[in-house]
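> What follows is a predicted protein model with its sequence.
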Amino acid sequence: MLNARLMTPMFLVTAFAALAPAAAQDFAPHRAVYVVSALDRGKPGAGTSGTYAYELRLTCDGGYVVNQRLRLEGAGRDLASEQQSQMTESRDGRKLRFEHRTTAGGKQLSLVKGEALVGDDGKGEARFTDPEGQTVALPAKTLFPVAVARETIRQAKAGENGFDAKFFFGEKVKPPQSLNVLIGKLPKRLADVKIPEGGEQLADGRTRIYYRAGFFDVAPDGKAQGEPAYEMSSVTLDNGVELYGTHEESDAAIEYRITRLEALPKPECK
């Protein structure tokens, strides 16, 4: 999933309270590269192009290390923009360390980093080290990126059609967004997304899952605002390998399609 704010963004739920745990969903460590292009009303458009790179590694305690990099070039622009995210998420979905960096023309524009912790009651707090001293409260049912993808796959395999939750990514000092995920039938036009040469072992025998998600900013009273801040869609294998995705925000939209896929080794743990 081009994770939520790499566009200004995919894609990724351990749940508390009403949501069932997603611990049974095992993700395959892998590295993937995608070609990015503009969308105009759901069809290929002119303008923005670039690349998106995603890497998922496992830790010895069962957690996940995620590295993302999105590089975009717009028509008529001299400078390329780049967004990078590095995150470590615990397997139980209770801890997230994050660092998000944005550059343009090689010059850093923003840097946000910190750590988010969730307690036994499902509530928690995010503490930022850059900007230093800032905190954000995390309400019950707040989910981190990898956990969102795990819960989506769990629900799809159980025949469910979606769920609602709170989503925290950490790219800004602000409360978690409201998340609405809808799981649907794989569109015919996406059924033939090809597996890159060399990545077949990660795709053989795997189910393709299609879903859409809306991300809503939250008002001071805790209620989601009427229109989504952005939306995304994804075709993802049931081992966490994403094949295709879109990100739609205001009048801008992009799609990304996998061009390279390789398995990564599991950690050597003592």
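Okay, I see it. Residues are numbered from 1 along each chain as shown.
> which stretches of the stretch 1-150 of the chain form strands?
Ranges of strands in the stretch 1-150 of the chain, per DSSP state E, counting those that start in this stretch, are 30-40, 43-58, 64-73, 81-89, 95-104, 107-118, 124-130, 132-138, 142-143.
> so where's the stretch 51-200 of the chain shaky on pLDDT?
Along the stretch 51-200 of the chain, the model assigns pLDDT under 70 to residues 75-78.
> what do you get if the cut-off is 90, keeping everything else the same?
62, 73-80, 105-106, 141, 189, 191-192 (pLDDT under 90).
> So what pairs up with Glu260 in the strands?
One correction, residue 260 is Arg, not Glu. Per DSSP bridges, the residues bridged to Arg260 are Val33.
> Touching, Glu82 and Glu73? I think so.
No. The criterion here is C-beta atoms under 8 Å, and Glu82 misses it with Glu73 at 9.9 Å. Any C-beta I mention is one placed from the backbone N, CA and C, and that applies to glycine too.
> And for Gly106, the neighbour number?
8 (other C-beta atoms under 10 Å).
> Against Leu79, how distant is it?
Distance from Gly106 to Leu79, counting by C-beta to C-beta, to the nearest Å: 8 Å.
> likewise Phe98?
Phe98 sits 25 Å away from Leu79, going by C-beta to C-beta.
> and these two? which has more neighbours close in?
Just comparing Phe98 and Leu79: by other C-beta under 10 Å the higher neighbour count belongs to Phe98, 23 against 12.
> residue contacts, the more buried one?
Residues near Phe98 by C-beta atoms under 8 Å, 6 or more residues apart in numbering: Ser85, Gln86, Met87, Val112, Lys113, Gly114, Glu115, Ala116, Phe169, Gly170, Glu171.
> Tell me what it is bridged to.
Residues in beta-bridge contact with Phe98 (DSSP bridges): Met87, Gly114.
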